[in-house]
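J.: What follows is a protein structure lacking sequence information:
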């Protein structure tokens with residue numbers, strides 16, 4: 001089970017999102033949390049991924065805390081070229 005992240009906290013992408021030209025390690029701010037029933041991953045809306053005027057919806061498994069990112073050695077990546 002993933003931890004619930006507080007609104008307006010910063011998180012990092014835990015995986016590449018090629019459909020959005022985003023790389024693992026990109027930093028975003030949580031602007032909404034969507035609790036799901038037991039057995040399903042919660043959802044989050046993110047902003048601030050260097051994609052102007054776009055809110056991205058992800059599952060809890062697609063993000064990690066910035067502290068966890070730093071501990072795991074994931075580096076902040078720029079958008080895919």
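T.: Everything's here; your move. Just so we're clear, the structure is a prediction, and the values are computed from it rather than from any experiment.

J.: biggest strand in the protein, by residue count?
T.: strand 27-34 (DSSP state E).

J.: which intervals of the protein have sub-threshold pLDDT?
T.: For the chain, residues meeting the criterion pLDDT under 70 lie at 1-3, 75-81.

J.: Swap in 80 and give it another go.
T.: Across the chain, residues meeting the criterion (pLDDT under 80) sit at 1-3, 50-52, 72-81.

J.: Would you map the helices across it?
T.: Ranges of helices in the chain, per DSSP state H, are 66-72.

J.: List the contacts of the nearest residue to residue 58 once chain neighbours are set aside.
T.: In space, and not counting its chain neighbours, residue 58 is closest to residue 44: 5.6 Å by Cβ to Cβ, 6 or more residues apart in numbering. C-beta here means a position set from N, CA and C on the backbone, and glycine is covered the same way. Taking Cβ atoms under 8 Å, 6 or more residues apart in numbering, we find residue 44 in contact with 5, 11, 30, 32-34, 57-60, 63.
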